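Peer 1: Sharing a model prediction with you, sequence too.
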Amino acid sequence: MAASRRFPLAALLLGAALTITLTATPAHAERADQTKPLVLEADNASYDDLKQIYVLTGNVVLTKGTMVLRSHTAEVRTDPEGYQYAVAIAKPGELAYIKQKRDTPNEYMEGWAERIEYDGKQEVSKLIRRARMARLEGSTVADEIRGALITYDSRNAFYTASGGDTAGAASSGSSNGRVRAVLAPRGSNAASAPASNPAPGVTLQPAPPPAQPR
């Protein structure tokens with residue numbers, strides 16, 4: 001039986017296809033977040049105790065330690081092991097939002113997409129359609145990547161992006177369905193260096209070119 005109420009929970013982030021892979025320096029998501037409860041807030045909520053599913057609508061906010069996920073609607077499921085999985089969807093024309101602190105002092109990851117899927121067992125987030133993710137140093141955007149699909153593994157500080165033909169790829173900032181990344185150099189003179197130079201410790205691995213016709 002459904003009931004309208006606000007619930008604290010515990011735990012939540014996902015995987016994907018890729019066109020290029022970015023491997024960042026070892027700075028993981030805030031370790032303490034793993035032990036924090038997941039708190040759900042929304043204008044309206046229903047709960048199916050048998051299926052362990054929470055359905056939230058209107059100004060949805062999911063919070064777990066430093067992780068914050070905002071959307072118009074969300075469905076949160078708990079598996080038999082106690083892990084939580086969330087699917088957050090934005091209003092038409094808008095974007096859902098996720099932010100989490102990294103272990104590196106004063107660094108955060110921010111992401112936007114029409115749909116965000118969060119797997120608490122694997123600690124992976126999947127950003128789908130018009131996806132964008134940025135690494136912040138304080139309030140300054142250091143690195144940014146856009147594509148049709150971005151998958152972020154916060155446990156291993158690893159993310160992948162795909163241009164593909166997912167609807168909304170072009171409007172996400174990638175041209176012709178391609179992934180676009182802007183990587184700031186690391187170090188004290190980062191602000192004065194060209195943004196097009198890859199940062200030390202960040203590796204771009206383009207997809208192999210198509211085979212040439214004989």
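Peer 2: Received it, and whenever you're ready, just let me know what you need. Numbering: from 1, shown residues only.
Peer 1: and residue 35, what are its phi and psi?
Peer 2: phi -100, psi 0 (degrees, to the nearest 10).
Peer 1: And it, what's its pLDDT?
Peer 2: pLDDT, residue 35: 76.
Peer 1: Distance check, it against residue 80.
Peer 2: Noted for residue 35: a distance of 20 Å to residue 80, by Cβ to Cβ, to the nearest Å. (C-beta placed from N, C-alpha, C; glycine too.)
Peer 1: Looking only at neighbour counts, state which of these two leads.
Peer 2: For residue 35 and residue 80, the more surrounded residue by other Cβ atoms under 10 Å is residue 35, and the numbers stand at 10 against 6.
Peer 1: any weak-confidence spans in the chain?
Peer 2: Counting by pLDDT under 70, the chain has low-confidence residues at 1-32, 164-177, 183-214.
Peer 1: That one: strands as residue ranges?
Peer 2: Along the chain, the segments classed as strands by DSSP state E run 20-23, 39-41, 44-48, 53-64, 67-78, 84-89, 96-101, 107-113, 115-119, 124-137, 140-153, 158-162, 180-183, 203-205.
Peer 1: Buried residues of the fourth one, list them for me.
Peer 2: For strand 53-64, burial by neighbour count (16 or more other Cβ atoms under 10 Å) applies to 54-57, 60-64.
Peer 1: gap between the nearest residue to residue 153 once chain neighbours are set aside and residue 57?
Peer 2: Using Cβ to Cβ, 6 or more residues apart in numbering and skipping the chain neighbours, the partner closest in space to residue 153 is residue 124 (4.9 Å). Using Cβ to Cβ, one obtains 25 Å as the distance from residue 124 to residue 57.
Peer 1: go on, residue 92?
Peer 2: 14 Å.
Peer 1: returning to that earlier point: hmm, residue 156 and the residue nearest to residue 153 touching each other?
Peer 2: No. Under the criterion of Cβ atoms under 8 Å, residue 124 makes no contact with residue 156, lying 9.1 Å away.
Peer 1: Of those two, which one has the most company?
Peer 2: When neighbours are counted by other Cβ under 10 Å, residue 124 comes out ahead of the other of residue 124 and residue 156, with 22 against 15.
Peer 1: Roughly how far does that one sit from residue 52?
Peer 2: Computed with Cβ to Cβ, the distance linking residue 124 and residue 52 is 20 Å.
Peer 1: got the phi/psi numbers for residue 83?
Peer 2: phi -80, psi 150.
Peer 1: Just give me the neighbour total for it.
Peer 2: What residue 83 shows, counting by other Cβ under 10 Å, is a neighbour count of 16.
Peer 1: Once you drop chain neighbours, what's closest to it?
Peer 2: What sits nearest to residue 83 in space, not counting adjacent residues and going by Cβ to Cβ, 6+ apart, is residue 121, at 4.0 Å.
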